[in-house]
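Undergrad: for reference, the sequence and a predicted model appear below.
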Amino acid sequence: MKNKKLIYSLQIVVLFAFIFNPWTKFPYTFLLLSLFVLLLCYAEDRSFSAIGLNKKGSLLKLLVQAIGLFLIVEPLMDFIIQPLVNKLSGETPDYSAFQVIENNTKRYLKYLVYIWISAAFGEELFFRGFLNSRLSEIFSGLKGKVFIIAVLSSLLFAAPHFYLGAAGVCITFLFGLFFFLIYQKTGLNLWVIILLHGFIDTFFITMAYTGNLSYYTTVNLFS
């Protein structure tokens with residue numbers, strides 16, 4: 001048991017460190033990371049159920065769930081939580097890196113593909129599916145295990161987003177908590193979270209493409 005916990009801890013450290021490697025860039029970093037995760041999990045269990053990818057359900061049901069959650073989470077974050085975070089931190093997230101998408105259809109379409117395969121699938125596979133399965137084993141028998149995993153996985157999820165500034169990191173952390181909670185409540189069905197994450201990022205990229213990134217600061221007039 002101790003050896004298994006040590007192996008899982010080393011897996012987390014090595015794979016998380018890979019996110020910051022200087023040789024691969026977005027979206028290839030998370031494409032490779034996803035491959036490593038899938039290989040590790042399949043080699044161990046000969047299935048992907050431990051990371052939430054074997055959950056059954058019709059595509060229509062998954063879409064309805066994800067869209068319903070999107071219609072709840074997106075307004076909640078944009079009109080209540082983000083204004084509060086910005087007010088407390090005294091700043092707004094730095095989304096300037098996405099201004100290059102504005103009115104650039106080719107780049108917009110390319111980014112749409114990137115966010116679905118790298119952010120929606122890749123990030124959820126690692127930060128929700130893989131980390132939950134590994135940390136559940138590492139902290140097995142510990143009181144408050146679910147809370148610890150929720151906070152730790154969300155902190156790790158927020159860490160690669162420092163380019164968004166302090167407010168952006170905080171918002172990303174809170175998104176991580178929401179994603180973790182939904183992942184738990186849907187019976188560890190990762191497909192729902194992948195779709196939800198994809199819808200949220202698609203909305204954001206579309207706002208960047210249409211030149212409406214100011215939306216994320218305008219809503220703060222109501223805070």
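TA: That came through fine. Just so you know, these numbers come straight off a predicted model, no measurement behind them.

Undergrad: and stretch 110-118, what's buried?
TA: For stretch 110-118, a neighbour-count test (16 or more other CB atoms under 10 Å) marks 111, 112, 114, 115, 116, 118 as buried. (C-beta placed from N, C-alpha, C; glycine too.)

Undergrad: CA atoms only: put stretch 183-190 into CSV for me.
TA: What follows is stretch 183-190, C-alpha atoms only, in CSV (Å, rounded to 0.1, in the frame of the first residue of the first chain):
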residue,chain,number,x,y,z
TYR,A,183,-17.5,15.5,-11.3
GLN,A,184,-18.3,14.1,-7.9
LYS,A,185,-22.1,14.7,-8.2
THR,A,186,-22.3,13.1,-11.6
GLY,A,187,-20.8,9.9,-10.4
LEU,A,188,-17.3,10.6,-11.7
ASN,A,189,-18.5,11.0,-15.3
LEU,A,190,-15.7,12.9,-16.9
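
Undergrad: what residues does it touch?
TA: 51-53, 55, 57, 62, 65, 124-125, 128-129, 132, 146, 192-193 (CB atoms under 8 Å, 6 or more residues apart in numbering).

Undergrad: just those: which are in helices?
TA: Under the assignment DSSP state H, the contacts of stretch 183-190 contribute 62, 65, 124, 132, 146, 192, 193 to helices.

Undergrad: what's the third one in contact with, if anything?
TA: In other words, residue 124. Per CB under 8 Å, 6+ apart, neighbours of residue 124: 179, 190, 193, 194, 197.

Undergrad: tell me the confidence at residue 214?
TA: Per-residue confidence (pLDDT) for residue 214: 79.

Undergrad: what is the burial count for it?
TA: 11 (other CB atoms under 10 Å).

Undergrad: just residue 63 next, same as before
TA: 14.

Undergrad: tell me how far residue 110 lies from residue 194.
TA: Residue 110 sits 20 Å away from residue 194 when distances are taken as CB to CB, to the nearest Å.

Undergrad: with residue 206 instead?
TA: 18 Å.

Undergrad: of these two, which one has the most company?
TA: residue 194 (25 against 14).

Undergrad: for the protein, which segments count as helices?
TA: 2-18, 28-45, 59-76, 82-89, 105-114, 124, 131-138, 145-158, 165-185, 190-209, 215-218.

Undergrad: can you tell me, leaving aside adjacent residues, what's nearest to residue 151?
TA: residue 177 (7.7 Å; CB to CB, 6 or more residues apart in numbering).

Undergrad: my guess is residue 137 contacts residue 3. True?
TA: No: using CB atoms under 8 Å, residue 137 makes no contact with residue 3, being 11.5 Å away.
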